[in-house]
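Undergrad: Build the 3D model from these lines:
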Amino acid sequence: MRSTVTRAVIAAAFSAGCGASPTVPDQTITQLRGAPTVATIDGARIELQVDVWRDFQPISPPGGKGLRVSARLPATTARFIVERIWVLFGDELWDSTPTAVPGSTTWTAGEGPQWGPGVAVDVVAQIRGPSGTVRLVRAADQLILGTF
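TA: All right, here's what the predicted structure looks like:
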């Protein structure tokens, strides 16, 4: 009996916390596409600088590694946080919680989908300023590059 209950609890935990990402409604994709390309947060002008690429070097798995994004903020924004990054490709969407690169204003996200290279995407970042103000900023038509 105990093992049946344990399995049921484990199964419930996996069902609640695992599996595919929730479906994002079209309205959210529309809102992300409508994000401005320049925003002011706590007096700082933010224009996102991004690199988007896939790794096809010989040490990569067959078909290459998943999408990676690097988002740079202006040097004056060291206390800002990039909370979320979305990449939009047609009607498809990938989102990730980025990691700060120590000693810089660059944030990275990886292990994304296998889009590209050679296709254009929009990258949207959710940025929080030191006062708590949150804004979306979009870098439109970014070409996915490949390293070979």
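Undergrad: all strands for the protein, in order.
TA: Secondary structure of the chain by DSSP state E: the strands cover 39-41, 44-46, 49-55, 68-72, 81-89, 92-96, 99-100, 106-109, 120-128, 134-147.
Undergrad: Turn these into CSV, including distance to Gln31 and mean neighbour count.
TA: Any C-beta I mention is one placed from the backbone N, CA and C, and that applies to glycine too. Formatted as CSV, the strands of the chain follow (distance: least, Cβ to Cβ, whole Å; neighbours: other Cβ atoms under 10 Å):
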stretch, distance to Gln31, mean neighbour count
strand 39-41, 14, 17
strand 44-46, 18, 16
strand 49-55, 19, 19
strand 68-72, 19, 21
strand 81-89, 10, 20
strand 92-96, 11, 17
strand 99-100, 25, 12
strand 106-109, 19, 21
strand 120-128, 9, 21
strand 134-147, 8, 16
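Undergrad: Against Val50, how distant is the most centrally placed residue in the chain?
TA: Geometric centre of the chain, nearest residue: Ile85, 2.8 Å, by Cα atoms, centre = their mean. For Ile85, the distance to Val50 (Cβ to Cβ, to the nearest Å) stands at 9 Å.
Undergrad: Which residues are in contact with each of the two?
TA: Counting by Cβ atoms under 8 Å, 6 or more residues apart in numbering, the contacts common to Ile85 and Val50 are Val69, Ala71, Val123.
Undergrad: Touching, the last one and Val87? I think so.
TA: The reference is to Val123. Yes - contact criterion Cβ atoms under 8 Å: Val123 and Val87 qualify, at 5.5 Å.
Undergrad: Mind listing the shared neighbours of these two?
TA: Common neighbours of Val123 and Val87 (Cβ under 8 Å, 6+ apart) are Val52, Val69.
Undergrad: returning to what we had before: can I get the strands of the chain in JSON lines including distance to Ile29 and mean pLDDT?
TA: What follows is those, written out as JSON lines (distance: least, Cβ to Cβ, whole Å; pLDDT from 0 to 100):
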{"stretch": "strand 39-41", "distance to Ile29": "19", "mean pLDDT": "96"}
{"stretch": "strand 44-46", "distance to Ile29": "22", "mean pLDDT": "96"}
{"stretch": "strand 49-55", "distance to Ile29": "18", "mean pLDDT": "94"}
{"stretch": "strand 68-72", "distance to Ile29": "17", "mean pLDDT": "97"}
{"stretch": "strand 81-89", "distance to Ile29": "6", "mean pLDDT": "96"}
{"stretch": "strand 92-96", "distance to Ile29": "6", "mean pLDDT": "95"}
{"stretch": "strand 99-100", "distance to Ile29": "24", "mean pLDDT": "97"}
{"stretch": "strand 106-109", "distance to Ile29": "18", "mean pLDDT": "97"}
{"stretch": "strand 120-128", "distance to Ile29": "10", "mean pLDDT": "97"}
{"stretch": "strand 134-147", "distance to Ile29": "12", "mean pLDDT": "95"}
